[in-house]
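K.L.:
Sharing a model that was predicted from the sequence below.
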Amino acid sequence: MIFFILFFLCGIVVSFLYPPFFLTPVGFFIFPALFYLLNHKNYIALSFKKHFLSGFSFGLGFFIIYLGWIKEPFLIEDITKKYFIFSYLLIIYCALYYGIIFLILGFFKTKIIKLFALPMLMVLVEFASNNFVYGFPWLSFSLVHSNNIFGTSLIYFTGTYFTSYITILIFLVFSIFFIKNLKLRKVLQFIYLFIFLLIIILCLTRYFDAQSSKSDYINISIVQSNIHINQYLDQNEKIKKQKFILDLVQKNKSEIVIFGENDYPFLMSLNDINLIQNHIQNNQSVIIGSIRKEDNNYFNSIFLIRKNEYSYFDKQILVPFGEFLPLRNLFGFMEYISGSLDFTKGTMERNLQLNNIKILPIICYEILFFWKLLNKSNINSDIIVNITNDSWFGDFSGPYQHFYFAKLRAAEFNKTLIRVSVNGISAGIDNFGKVIKFSTLNQQQNKIISIPVSNNNNQYIKFHKILFFLIFFPFLIILFINKKNA
């Protein structure tokens with residue numbers, strides 16, 4: 001029982017490495033403590049069932065804090081508040097993965113194998129949670145370093161998965177002192193020295209790239225309307241919101257005015273587009289999120305509207321239980337969150353064109369699905385526009401985690417990213433992951449930002465998948481050596 005409690009507490013502490021806390025130095029102590037517990041003779045003597053339950057306890061402690069925001073959508077409507085307990089099913093589901101990790105680790109008897117197996121298995125959990133069923137890519141250890149130059153530099157060169165792997169491996173650095181074999185310990189010290197030097201070189205390379213970077217700049221306005229979700233249900237509030245949008249567009253002098261996801265309060269029809277065009281100045285563009293209807297299908301869309309033309313992109317990665325309801329007969333009470341009708345997935349290319357500027361449009365949590373966003377048609381995009389509505393995520397950790405995922409994506413794709421959330425956090429982020437200007441959470445703000453626009457590609461992105469497979473090699477080599485010496 002004591003191990004269940006200790007692992008549960010370890011999970012809680014690990015959650016504080018993530019936004020909005022970013023207690024990064026704690027990682028250098030909590031991961032060696034976790035490694036020590038996994039190698040304690042009393043823990044090793046436990047049954048495999050208890051190993052699984054220990055991992056499950058760790059996962060519960062971690063996700064109760066890290067995914068604490070998951071109950072927020074249930075709390076918006078009084079009628080769904082009594083069902084908030086169902087949100088913890090996701091926490092239980094994610095915790096099961098760590099139960100499996102600890103179960104697998106129970107088969108390995110030597111510390112050196114566990115040292116390399118632990119980060120490898122944790123990254124495999126990221127991969128599995130990203131791709132299993134509908135996919136939930138909210139878990140990524142790369143997010144731990146999304147607020148510093150090390151994380152944003154590393155993810156540019158190595159990608160999301162390998163950055164997660166290196167992050168966990170680095171946190172385990174002091175675990176080498178639990179290795180009794182002095183020769184093996186010296187080899188590990190050399191490996192870690194090599195890793196640290198490589199990271200420093202990569203960060204310096206990226207830093208000098210940033211210093212020598214030259215781009216054209218355009219002025220944009222990011223409009224954080226801060227309209228609560230419940231206000232969309234009131235017709236008078238919708239009319240007020242529409243007037244707010246039209247008046248702001250008419251007065252704005254920026255080249256591009258960008259609003260958040262579903263910020264336009266009505267179904268976007270041709271009449272509504274014409275209405276917005278009547279308020280647009282010449283050579284000005286408006287980007288805004290809205291719902292559109294076509295042949296009885298509803299789409300969550302982003303519109304690019306100019307004086308005499310418009311285009312749009314329909315969201316392709318829909319949120320289960322938010323934009324469509326699996327097993328609707330069983331989860332009928334969720335209609336108050338997801339609605340009585342399901343959205344339809346978009347099928348068009350992920351592109352928008354504004355004069356000579358190529359835009360990569362991303363709606364809401366699509367920003368998490370890094371492996372689904374770039375293709376041959378849009379890899380040469382000049383900027384990323386990510387619109388979202390984080391009102392669903394509450395006021396604590398959810399909006400910050402979502403924001404920092406976008407920050408990582410700008411650095412990983414090497415593209416300037418403009419993020420506009422209805423309630424915040426909205427920001428302009430350059431291709432090095434540096435925040436140019438941002439709007440604070442839960443405030444109505446209109447920020448004018450001068451952003452760099454250039455045709456930046458990440459020449460290393462094609463190697464990111466290869467690096468994912470490299471996380472297995474150190475473990476396999478150690479495993480082979482161990483068997484040979486057995």
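P.N.:
Looks like it came in fine.
K.L.:
pLDDT score for the residue positioned nearest the centre of the chain?
P.N.:
Centre of the chain computed as the mean C-alpha position; nearest residue by Cα atoms, centre = their mean is Phe405, 3.4 Å away. The pLDDT attached to Phe405 in the predicted structure is 97.
K.L.:
which ones are touching it?
P.N.:
For Phe405, the residues meeting the contact criterion (Cβ atoms under 8 Å, 6 or more residues apart in numbering) are 140, 143, 146, 367-368. For the C-beta atoms, the positions are set from N, CA and C on the backbone; glycine is no exception.
K.L.:
Which members of those residues are classed as buried?
P.N.:
Applying a neighbour-count criterion of 16 or more other Cβ atoms under 10 Å, the buried members of the contacts of Phe405 are 140, 143, 146, 367-368.
K.L.:
residue ranges with poor pLDDT in this protein?
P.N.:
Within the chain, the stretches falling below the threshold (pLDDT under 70) are 228-233, 327-340, 481-486.
K.L.:
Domain map for it?
P.N.:
Structurally, the chain divides into domains by automatic domain parsing as follows: 2-211+469-485, 216-455.
K.L.:
Would you format the ones you listed as CSV with distance to Ile461 included?
P.N.:
Written out in CSV, the entries for those read as follows (distance: least, Cβ to Cβ, whole Å):
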stretch, distance to Ile461
domain 2-211+469-485, 7
domain 216-455, 7
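K.L.:
helices or strands next to the longest helix along the chain in the packing?
P.N.:
In terms of residue count, the longest helix belonging to the chain (DSSP state H) is helix 182-212. Using 3 or more Cβ pairs under 8 Å, 6 or more residues apart in numbering; DSSP states H and E, the elements in contact with helix 182-212 are helix 111-131, helix 149-171.
K.L.:
Just the angle for the longest one relative to helix 111-131, thanks.
P.N.:
In this case it means helix 149-171. Comparing the axes of helix 149-171 and helix 111-131 via axes from the mean of the first three to the mean of the last three Cα atoms, to 10 degrees yields an angle of 130 degrees.
K.L.:
what's helix 149-171 packed up against?
P.N.:
For helix 149-171, the helices and strands in contact under the criterion 3+ Cβ pairs under 8 Å, 6+ apart are helix 27-38, helix 111-131, helix 182-212, helix 397-413, helix 464-470.
K.L.:
mind checking which of these is nearest Pro19?
P.N.:
Pro19 sits nearest to helix 397-413 of all the helices and strands packed on helix 149-171, at 4.2 Å, using Cβ to Cβ.
K.L.:
Who does the following helix or strand past the closest one pair with, and is each partner parallel or antiparallel?
P.N.:
Toward the C-terminus, helix 397-413 is succeeded by strand 416-421 as the next helix or strand (DSSP states H and E). Taking DSSP bridges as the criterion, strand 416-421 sits next to strand 383-388 (parallel), strand 426-429 (antiparallel) in its sheet.
K.L.:
Please tabulate these in CSV and include mean neighbour count and distance to Asn274 as additional columns.
P.N.:
Formatted as CSV, the entries for the strands paired with strand 416-421 read as follows, by neighbours: other Cβ atoms under 10 Å; distance: least, Cβ to Cβ, whole Å:
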stretch, mean neighbour count, distance to Asn274
strand 383-388, 27, 22
strand 426-429, 28, 27
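K.L.:
can I get the ones you listed in JSON lines with distance to Thr80?
P.N.:
What follows is the strands paired with strand 416-421, written out as JSON lines (distance: least, Cβ to Cβ, whole Å):
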{"stretch": "strand 383-388", "distance to Thr80": "21"}
{"stretch": "strand 426-429", "distance to Thr80": "27"}
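K.L.:
Out of the ones you listed, the one nearest Tyr264 is which?
P.N.:
Shortest distance between Tyr264 and those, using Cβ to Cβ, is found for strand 383-388: 11.0 Å.
K.L.:
what is the orientation angle of the closest one with helix 397-413?
P.N.:
Computed with the same axes, to 10 degrees, the direction of strand 383-388 lies at 170 degrees from that of helix 397-413.
K.L.:
residues touching Gly260, list them.
P.N.:
The neighbourhood of Gly260, defined by Cβ under 8 Å, 6+ apart, consists of 223-225, 289, 387-389, 420-422, 426.
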